[in-house]
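Participant: Predicted model follows, preceded by the sequence.
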Amino acid sequence: MTARSSSETTRVIPEATVARLPVYLRALTALADAGIRTCSSEDLATAAGVNSAKLRKDLSYLGSYGTRGVGYDVDYLRYQIAREIGVTQDWPVVIVGIGNLGHALANYSGFRSRGFRVVALLDADPERHEEIVAGVPVRPFADLEAIAREHAVAIGVIATPAGSAQDVADQMVAAGITSILNFAPAVISVPDGVDVRKVDLSIELQILAYHEQRKAHEHARVDADDHGAAALAVGGDA
């Protein structure tokens with residue numbers, strides 16, 4: 001294995017770029033699945049839904065992987081991005097809260113294909129224990145620390161009701177978990193050194209509702225302007 005240079009190990013990639021790298025990886029995977037071996041920055045930007053200048057700047061933080069006049073080697077760039085964001089290795093994950101959302105997450109096939117392995121499903125409800133979801137038995141939440149230690153778990157997913165989220169987060173941190181994906185509709189507090197990503201479906205829907213309302217108001221205003229113009233035209237003809 002070739003060691004990275006000091007410039008590589010100290011390189012800092014902006015958070016906005018980090019957030020787009022998985023999008024580029026998904027787009028490259030789709031291109032590879034379609035049998036496309038090379039692509040231009042314009043083609044990749046279109047597939048990822050960004051402008052090509054932004055894409056080229058983002059990729060410049062990783063190094064120079066394009067060839068002028070040829071473009072990017074899809075498989076090679078896909079590997080380099082996957083290596084950069086850490087999904088060329090196998091990440092053990094625990095999911096806490098096996099209600100409807102927890103079931104859906106446990107059954108999501110994208111975890112395995114993207115470098116994440118669900119090693120345990122945990123729930124505080126005794127009636128769910130020993131239930132099998134996606135081939136994984138549901139175990140008591142009290143087993144969290146032992147499971148985290150056994151599998152060296154660094155990533156935990158919270159899919160509990162809001163009222164339980166903070167306690168779950170506290171116990172994840174106590175068990176040595178340093179990255180948390182929170183689906184619970186609650187804000188959780190964690191110490192420095194622990195990363196939290198929050199996914200709140202209700203907030204995303206409310207944002208969409210705002211845009212729909214704004215579009216409806218805009219359409220209503222245009223219709224009113226059109227009716228006004230028509231009325232003035234009729235009046236002028238009279």
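Facilitator: Everything's here; your move. Numbering: from 1, shown residues only.
Participant: Going by C-alpha atoms from here, please, whenever you check contacts or count neighbours.
Facilitator: OK.
Participant: what's the first-to-last distance across stretch 28-48?
Facilitator: End-to-end distance for stretch 28-48, by Cα to Cα, to the nearest Å: 9 Å.
Participant: list the buried ones in it?
Facilitator: 28-29, 31-32, 38-45, 47-48 (16 or more other Cα atoms under 10 Å).
Participant: Out of these, which is nearest to Phe141?
Facilitator: Closest approach between the buried residues of stretch 28-48 and Phe141, by Cα to Cα: Thr29, at 35.7 Å.
Participant: right, and that closest one touches Arg78 too?
Facilitator: Yes: when contacts are counted by Cα atoms under 8 Å, Thr29 is listed as touching Arg78 (7.1 Å).
Participant: In stretch 56-75, which residues are buried?
Facilitator: Arg56, Asp58, Leu59, Leu62, Gly66, Gly71, Tyr72, Asp73, Val74.
Participant: helix, strand or coil for the second one?
Facilitator: Secondary structure state of Asp58, per DSSP: H, G, I helix; E, B strand; the rest coil, is helix.
Participant: In contact with it, which residues?
Facilitator: Thr17 (Cα atoms under 8 Å, 6 or more residues apart in numbering).
Participant: Distance of it relative to Ser109?
Facilitator: Per Cα to Cα, Asp58 is found 28 Å from Ser109.
Participant: what do you get for the third one?
Facilitator: Look at Leu59 and Ser109: by Cα to Cα, they are 28 Å apart.
Participant: And Gln213, how far from Ile207?
Facilitator: 10 Å.
Participant: sorry, that was for Tyr24
Facilitator: Applying Cα to Cα to Tyr24 and Ile207 gives a distance of 24 Å.
Participant: Secondary structure class of Leu62, three-state.
Facilitator: coil.
Participant: Return the distance of the strand ranked longest in the chain from the chain's centre.
Facilitator: In the chain, taking DSSP state E as the definition, the longest strand is strand 116-123. Relative to its parent chain, strand 116-123 has a centroid offset of 18 Å by Cα atoms, centre = their mean, to the nearest Å.
Participant: pLDDT (mean, whole number) over it?
Facilitator: Mean per-residue pLDDT for strand 116-123: 95.
Participant: all strands of this structure, in order?
Facilitator: Under DSSP E, the chain gives strands at 38-39, 66-67, 71-73, 91-96, 116-123, 132-133, 136-140, 155-158, 179-182, 195-198.
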